[in-house]
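Asks: I would like to see how this sequence folds:
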Amino acid sequence: MAKHLANVFDNDDVNVGTIMYDKIMREFIKEKFEVEVEDVAEEMVKKCWGCGEEKEKLSACSGCQFARYCGKDCITKEWGEMHKVMHRINKKYKEKKEARELSIAKLKL
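Replies: Okay, here's the model as predicted:
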């Protein structure tokens, strides 16, 4: 779930409601339970997306430039399990966004 949320927040056209919900819930947890919950996008930049460990030196995915990995084994493992799907989702999202922008542009003519 953290990977998906980090990916959503990294998107340039994210739903503002998602960001507000995240901020409100982190604040609620802090006040109610006295627990500080780190922003998921900031957390996932520090962790290997394959093994989940925080590492000093991580390489970015050559496709999305967002996911981070500590080595080839983790890249291979994560690509087969989830990251390939995330790339497909991002591609579909961009296609739909471009189609929406084109439709809006036609309406303005």
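Asks: Where does the prediction get shaky in this protein?
Replies: 1-15, 109 (pLDDT under 70).
Asks: again, 90 this time
Replies: 1-23, 38-45, 56, 62-66, 77-109 (pLDDT under 90).
Asks: what packs against the helix or strand containing L107?
Replies: L107 belongs to helix 84-108 when assigned by DSSP states H and E. For helix 84-108, the packing partners by 3 or more Cβ pairs under 8 Å, 6 or more residues apart in numbering; DSSP states H and E come out as helix 2-10. Where you see a C-beta, it was placed from the backbone N, CA and C, and this is true even at glycine.
Asks: Show me what secondary structure element comes after the helix it packs on.
Replies: Criterion used, DSSP H and E; the element after helix 2-10 is helix 16-33.
Asks: Just the buried residues of that next one, please?
Replies: Using 16 or more other Cβ atoms under 10 Å as the burial criterion, the residues of helix 16-33 that qualify are D22, R26.
Asks: got it, and stretch 100-109?
Replies: Applying 16+ other Cβ under 10 Å to stretch 100-109 flags no residue as buried.
Asks: Run the chain-centre distance for the helix holding L107.
Replies: 17 Å (Cα atoms, centre = their mean, to the nearest Å).
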